[in-house]
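[1] sequence and predicted structure, then a few things I'm wondering about:
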Amino acid sequence: MARAGNEQPSARARARHGRTGRSPVTGPHLPLAHTRRDLFETTVQSTADYLVDLWPDELATLRIDVMPMPDQPSGVRGVARWRVVADQSLVVLYRIPIERMSRLHRDDDWHRRLMVESCVFRAVGELIGKDPWDLAPDRFRHW
């Protein structure tokens, strides 16, 4: 197919630098790179699984959803980090406020994970009417 003048093919018609069939950056022997969203959702899921194992009767119907931002009405002060809908046994966590508005004394992967876990603990505690520290009392007794 001949092109007139300096007309370039569209971005969809060609691959980067004219190469086609590119593989992922990580290669075939490494896992694919994860996004912050993937890590957040993995942390939420593993924490929820842990809590369901500890409280199987109370959390048998637990559902946790992750949304980017709350849909707060105007005039409400502050930004919600989660919402609990007790009659549906539902906890909705808001990823962006948890990630960006939480003040960590050290900004590293471990402290970010602990912040997400603490939000799950607090929201689930609110759902079943228990103090978050009572949900897994033996978890923090190793000190």
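    Here it is on my side, so go on. Numbering: from 1, shown residues only.
[2] spatially nearest residue to the most centrally placed residue in the chain (excluding sequence neighbours)?
    Residue closest to the mean C-alpha point of the chain, counted by C-alpha atoms, centre = their mean, is Phe40 at 2.7 Å. Counting by C-beta to C-beta, 6 or more residues apart in numbering, the nearest residue to Phe40 once its immediate chain neighbours are dropped is Arg95, at 5.2 Å. C-beta: built from backbone N, CA, C; applies to glycine.
[3] surely that neighbour is in contact with Pro68?
    Yes: contact status for Arg95 versus Pro68: in contact at 5.6 Å, counting by C-beta atoms under 8 Å.
[4] who's more crowded, these two?
    Arg95 (19 against 10; other C-beta atoms under 10 Å).
[5] show me where this structure has helices.
    36-54, 95-101, 109-128, 132-135 (DSSP state H).
[6] closest one to Ala86 among these?
    Between Ala86 and those, the shortest gap by C-beta to C-beta is with helix 109-128, which sits at 6.1 Å.
[7] buried residues of that closest one, list them for me.
    Judged by neighbour count using 16 or more other C-beta atoms under 10 Å, the buried positions of helix 109-128 are 112-113, 115-117, 119-128.
[8] all good on my end, thank you.
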